[in-house]
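>>> With the sequence up front, the predicted model follows.
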Amino acid sequence: MASADYSKWHRPVLLAETLEALALKPDGLYVDVTSGGGGHSAAILSQLSAEGRLIALDRDENAREETGRRLEAMNTVGSYSIRSSKFSSLSQNLSQEEKGHIDGLLADLGTSSHQLDEGERGFSYHQDGPLDMRMDQSEGMTAAELLADINEDDLVNILRDYGEEIHARSIARAIVEERKHTALETTGQLAEIIRQAVPPSARRKKHPARRSFQAIRIAVNREIEEIESLLKQLPEIMSSGGRVVIISFHSLEDRLVKQTFLNWEDPCECPRDFPVCICGKKPLGKRPQRKVVEASAAEIAENKRSRSAKLRVFEFGGVA
Ligand SMILES: C[S@@+](CC[C@H](N)C(=O)[O-])C[C@H]1O[C@@H](n2cnc3c(N)ncnc32)[C@H](O)[C@@H]1O
């Protein structure tokens with residue numbers, strides 16, 4: 001029987017590099033906090049022995065179902081569980097026995113191809129659908145609700161900060177004008193308002209709504225706050241020697257991860273010319289690979305999405 005083609009759902013990026021960065025121990029406890037289509041989870045599980053365990057989490061129900069189908073079809077000896085969790089509830093969704101004993105944790109940030117491709121999820125400016133954009137459709141504000149209430153200046157900030165959109169002001173103004181007489185309910189409506197709001201020169205290359213959709217999605221899912229929360233929990237839940245691997249696709253996310261890892265490695269706040277440390281802040285571990293890992297030209301040729309992926313790794317413990 002031909003094996004299922006999981007790459008249509010989502011093709012995992014930097015797969016070999018992720019496994020290498022995790023430095024997998026076959027009998028270890030591994031957590032994938034962004035299981036998506038289960039590509040990375042499957043690769044981790046395939047390397048575990050009968051004593052090894054994988055916990056795969058995602059806030060998106062479709063992702064958990066797909067991960068379930070994928071892991072179930074594997075012939076592996078390691079055990080696994082699939083749980084619903086967003087980053088900010090991670091600690092609550094781990095047992096006392098699991099906390100402090102995690103040997104490796106992966107966060108492959110952003111959205112899956114499936115989320116973007118399914119028109120009815122409301123992430124796509126290519127297909128018309130309800131203006132939703134929530135990864136977890138059981139909670140929080142939809143994009144339509146956010147855009148119905150937000151004031152123009154706050155929307156400009158979202159479009160600038162999360163989308164680096166240079167036409168943020170005219171797009172925000174056009175949205176606020178339009179909603180005075182028509183409720184914004186579909187992705188098609190929003191894409192068209194944005195297209196009309198930007199100058200003709202901005203309509204030529206990439207889709208003019210690309211940056212705004214990304215920005216609104218990040219705001220709807222509180223993606224930056226979620227990463228901040230994840231990073232805060234990690235020192236409590238990782239084992240000594242445990243490795244955290246984070247793959248980001250957005251410069252804001254990568255900056256946050258980079259700064260946090262640097263700070264964990266060297267938290268001392270004393271002036272550089274002090275002969276000894278008096279602040280008492282001790283390193284939490286080290287960065288085993290100092291340089292950011294990016295996709296090879298071969299991977300980028302096969303999977304365009306890997307172009308902007310940046311992988312960073314941190315190893316807890318092991319410092320006196
Ligand atoms: C890039 S995809 C992961 C793909 C996966 N590594 C694979 O191989 O198929 C990102 C996934 O993370 C999930 N996600 C993003 N932010 C999340 C959060 N704050 N909490 C939980 N899951 C999140 C999304 O729902 C999505 O399924």
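Alright, I've got the coordinates.
>>> Report the distance from the lowest-mean-pLDDT helix or strand in the chain to the chain centre.
Least confident element among the helices and strands of the chain, by mean pLDDT, DSSP states H and E: helix 113-117 (a mean of 92). Distance, stretch centre to chain centre, for helix 113-117: 14 Å (CA atoms, centre = their mean, to the nearest Å).
>>> after it, next one along is what?
Downstream of helix 113-117, the next assigned helix or strand under DSSP states H and E is helix 143-149.
>>> Now for the residue nearest the centre of the chain: which residues touch it?
Note on the chain: the residue nearest the mean C-alpha position is residue 109, at 1.5 Å, using CA atoms, centre = their mean. If you count contacts by CB atoms under 8 Å, 6 or more residues apart in numbering, residue 109 has them with 34, 223, 227, 246-250, 253. For every residue, glycine as well, the C-beta is placed using N, CA and C.
>>> what does residue 59 give?
Going by CB under 8 Å, 6+ apart, residue 59 touches 84-86, 135-136.
>>> Please report how far residue 53 lies from residue 104.
As judged by CB to CB, to the nearest Å, residue 53 and residue 104 stand 11 Å apart.
>>> Check what pLDDT the residue of the chain most remote from its centre gets.
The centre of the chain is farthest from one residue, residue 275, which by CA atoms, centre = their mean lies 40.8 Å away. We have a pLDDT of 91 for residue 275.
>>> what phi and what psi does the backbone show at the residue nearest to the centre of the chain?
Note on residue 109: backbone dihedrals following degrees, to the nearest 10 are phi -70, psi 170.
>>> OK, contacts around residue 178?
Residue 178 sits in contact with 184, 193, where contact means CB under 8 Å, 6+ apart.
>>> oh, I was asking about residue 28
Residue 28 makes contact with 48, 52-53, 103-104, according to CB under 8 Å, 6+ apart.
>>> quick one: secondary structure of whatever residue of the stretch 201-320 of the chain ends up closest to the ligand?
In the stretch 201-320 of the chain, the residue that lies nearest the ligand is residue 226 (3.5 Å; CB to the nearest ligand atom). Three-state call for residue 226 (DSSP: H, G, I helix; E, B strand; the rest coil): helix.
>>> Wait, it touches residue 89, no?
No - using CB atoms under 8 Å, residue 226 makes no contact with residue 89, being 9.9 Å away.
>>> between these two, who's got more neighbours?
residue 226 (22 against 16; other CB atoms under 10 Å).
>>> Which pLDDT value goes with the more buried one?
98.
>>> same question, residue 207
The predicted local confidence for residue 207 is 89.
>>> Quick check: closest non-adjacent residue to it.
residue 125 (5.7 Å; CB to CB, 6 or more residues apart in numbering).
>>> what's the spacing between the one you found and residue 45?
Using CB to CB, we find residue 125 at a distance of 35 Å from residue 45.
>>> between these two, who's got more neighbours?
Neighbours of residue 125 and residue 45, each counted by other CB under 10 Å, are more numerous for residue 45; the result is 23 against 20.
>>> show me the contacts for that one.
Counting by CB under 8 Å, 6+ apart, residue 45 has contacts 54, 71, 74, 76, 78, 80.
>>> now the strands for the stretch 1-150 of the chain?
Using DSSP state E, counting those that start in this stretch, the strands of the stretch 1-150 of the chain run over 29-32, 53-58, 79-84, 102-108.
>>> can I get these in a markdown table with mean pLDDT, distance to the ligand and mean neighbour count?
Below are the strands of the stretch 1-150 of the chain laid out as a markdown table (pLDDT from 0 to 100; distance: least, CB to the nearest ligand atom, whole Å; neighbours: other CB atoms under 10 Å):
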| stretch | mean pLDDT | distance to the ligand | mean neighbour count |
| --- | --- | --- | --- |
| strand 29-32 | 98 | 7 | 26 |
| strand 53-58 | 98 | 5 | 25 |
| strand 79-84 | 98 | 9 | 16 |
| strand 102-108 | 98 | 4 | 25 |
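>>> Give me the domain ranges for the chain.
Using automatic domain parsing, the domain parsing of the chain gives 6-114+223-316, 139-220.
>>> Can I get those in TSV including distance to residue 130?
TSV is the format used below for those (distance: least, CB to CB, whole Å):
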stretch	distance to residue 130
domain 6-114+223-316	15
domain 139-220	6
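>>> With that, I have no additional questions.
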